[in-house]
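Q: okay, here's the prediction I keep looking at, along with the sequence it came from:
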Amino acid sequence: MTMTLSEAGQTVVAGTFGRAMKRAGEALGSMSGQIIEVQTPMLQRCTAQDVMVMAGGPESVVLAVYVGITGSMQGHALLLFAPADAHRLAQILLAGLLGPGELPMESTSDELAYDELELSALQEAGNVTISAFLNELGMHLHEPVQPTPPQVVLEMAGAVLDAVLLDLVSEQDQVLAAKTTFSEGGRAIDGTLFVLPRPDSLRVLLDALGAIGI
Amino acid sequence: MTVAESPNLMVAGIGEMVLSANPDDRLVAYGLGSCIALAIWDTRAKVGGLAHFMLPAGPSSGASPVKFIDTGLDPFLRAVEAKGAMLSRCTIKAAGAAAMLTVGGGLAIGKRNSEAMQAALAERGLALNASALGGNAGRTVQLEVGDGRFLIKSLSSVTQL
C-alpha cells in the first residue's frame, strides 16, 4: 500500500516529529548530564540514495543504535554517531556510572575499538533517546508504540541503512525521513537521529491527530 | 580503507548500475549491507559492469533500473553486452546480502537477495564464478575494468575475488 502525504499532512507530521525529537534530545541530555542542543528537525520525502547522503555518505563509518518501531505505528529509528564522538559520549556516560578508578582507559588511538562497557552505554543512550521520541509520539496515538530491543552496530552507514531502507522501498521509490542533529558543544559530540516510518503507518498518525482529510 | 578518489572512479549508487570499456576505470559500490552487487567482466574484451541491486522482486523502476533482481537483471546483462561483452566469456561475481540487524526479525532481506540472485542467474544459464555473500559485515566492492580484479573491503579486511 502506498500513501502520499499532502503538504498540509506533512506539516502536521513534521510538527509532531519535531516535538518528539526535542524530547529525545532532552532525554539524551538528561542521561549524559550535558546540555544538548537539538537542531530544528527536518522531514522530507527522499530516495534511498538521498538518505545515504543525509547520513554522511554510504561509506562513512558510524556507530549506530538501531531500534525498530512496532505497535500502532511502525518503522525504524537510528541514532548515529561518528566513531570519535561515540567514544566521547561513552566516556561521559561511564564517568557518571563508575568511580574514577573503574573508568575504562581513555580512548585508544584506534577509534574503531570499543569495549563492552562502552557499547553497552551507547546502546542504552540510543534506547533512552529513541524511547523518549516514541513516548512523545505515543501520546498522540490511540494505541501504544513499542520499541524493539536496541542493537548497536559499528559499520559503514550505507550497510546499516540499506536493510532498513529495503524494508520501506519495495512498493515505492521514496521514503519519508525525519532527521535531527544533537550537539553537545563543549566536547563536540554530534549525533544524528533518523526516524523512517512505514508509509501506511502515517495514516494512523494523521488519523490520530485529526488530520486524515488534509 | 577508503577507495581513492580519481576521475576513473564510477559509482553505482543504490539501485544503479555503471558500465565501462575503459581499462583505467574502476567501478565501485559503497557500503553494501543487505543489498547485493553483481560484477560482470569480459575476460577478452575487458569491459565490465557493476550493478547495485536492492530487492529480489518487483516492477521495473525507471529511476532505479536495477532496483529489483527479477526485472533488473536482464536490462543489466543487455547493457553489459551493449558495451561489447559476450556473456560466454564473462566472469560473474557477487558480494553483499549480509544481515546487518538481528532485531525486529523481519529484515532478513540479505538472504532472500542471495537466493534470488543465484536463481535468476541459473534461469539464464549463468552462475557465479566467485562470491562473498551473507555474514553480518558491510562491504564496499570495486571492479577494476582493466584486469577484472574484484576487491571487497569491510571495516576489518580487504579481500580479492
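A: Thanks, I have the structure now. Treat the numbers as computed from the prediction; the structure is a model and nothing was measured. Numbers count the residues shown, from 1 in each chain, chains lettered A, B, ... in the order given.
Q: out of everything not next to it in sequence, what's closest to B:Ile14?
A: Nearest non-adjacent residue to B:Ile14, counting by CB to CB, 6 or more residues apart in numbering or on different chains: A:Ala48, 4.8 Å away. C-beta here means a position set from N, CA and C on the backbone, and glycine is covered the same way.
Q: pretty sure that neighbour contacts A:Val169?
A: Yes. A:Ala48 lies in contact with A:Val169 (CB atoms under 8 Å); the separation is 5.7 Å.
Q: quickly list what's touching both of these two.
A: A:175, B:54 (CB atoms under 8 Å, 6 or more residues apart in numbering or on different chains).
Q: give me the pLDDT value at A:Met3.
A: A:Met3 carries a pLDDT value of 54.
Q: A:Leu119 too?
A: Per the predicted model, pLDDT is 94 at A:Leu119.
Q: give me the neighbour count for it.
A: Counted with other CB atoms under 10 Å in any protein chain shown, the neighbours of A:Leu119 add up to 17.
Q: ok, it - contacts?
A: Residues in contact with A:Leu119 (CB under 8 Å, 6+ apart) are A:90, A:152.
Q: those residues of chain A touching chain B, which are they?
A: Counting by CB under 8 Å from any CB of the partner chain, chain A comes close to chain B at A:47-49, A:52, A:57-59, A:61, A:66-68, A:70, A:112, A:148-151, A:153-167, A:169-171, A:173.
Q: the strands in chain B, which residues?
A: B:9-11, B:17-20, B:26-32, B:36-42, B:48-53, B:90-96, B:130-133, B:139-144, B:150-153, B:158-160 (DSSP state E).
Q: gap between A:Ala24 and chain B?
A: 19 Å (CB to the nearest CB, to the nearest Å).
Q: which secondary structure element contains that residue?
A: Here A:Ala24 sits within helix A:7-32, counting by DSSP states H and E.
Q: and after that helix, which helix or strand comes next?
A: That would be, after helix A:7-32 and using DSSP H and E, strand A:37-38.
Q: roughly how far apart are the residue nearest to B:Ile14 and A:Asp85?
A: 25 Å (CB to CB, to the nearest Å).
Q: what is the burial count for B:Pro23?
A: Neighbours of B:Pro23 using other CB under 10 Å come to 13.
Q: ok, it touching B:Gly146?
A: Yes. At 3.5 Å, B:Pro23 counts as touching B:Gly146 under the criterion of CB under 8 Å.
Q: what do the two both touch?
A: Common neighbours of B:Pro23 and B:Gly146 (CB under 8 Å, 6+ apart) are B:Lys46.
Q: re earlier: which of the residues of chain A next to chain B fall in helices?
A: Mapping those onto helices (DSSP state H) picks out A:48-49, A:52, A:157-167.
Q: returning to what we had before: who has more neighbours, A:Ala48 and A:Asp85?
A: A:Ala48 (26 against 20).
Q: poorly predicted segments of the chain, please.
A: Since no chain was named, I'll use chain A. A:1-5, A:96-109, A:185-187, A:211-214 (pLDDT under 70).
Q: ah, I was thinking of chain B
A: Ranges of chain B meeting pLDDT under 70: B:1-6, B:61, B:103-107.
Q: what parts of it come near chain A?
A: Residues of chain B lying near chain A (CB under 8 Å from any CB): B:2-3, B:13-16, B:30-35, B:54-55, B:58, B:61, B:63-64, B:67, B:98-104, B:106-107, B:109-110, B:137-140, B:155.
Q: filter those down to the buried ones, ChimeraX style.
A: The buried subset of the residues of chain B next to chain A, as determined by 16 or more other CB atoms under 10 Å in any protein chain shown, is captured in ChimeraX by this line:
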select /B:3,13,14,15,16,30,31,32,33,34,35,54,55,58,61,64,67,98,99,100,101,104,107,109,110,137,138,139,140
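Q: what number of residues lie near residue 81?
A: By default, I'm working from chain A. A:Phe81: 24 neighbours (other CB under 10 Å).
Q: that was the other one, I meant chain B.
A: B:Glu81: 16 neighbours (other CB under 10 Å).
Q: residues touching it, list them.
A: Counted by CB under 8 Å, 6+ apart, B:Glu81 has contacts B:Leu87.
Q: and it, how far from A:Leu80?
A: In terms of CB to CB, B:Glu81 sits 40 Å off from A:Leu80.
Q: before we move on, what about A:Thr47?
A: Distance from A:Thr47 to A:Leu80, by CB to CB: 19 Å.
Q: the more surrounded of these two?
A: Counted by other CB under 10 Å, A:Thr47 and A:Leu80 do not tie: A:Leu80 has more neighbours, with 27 against 19.
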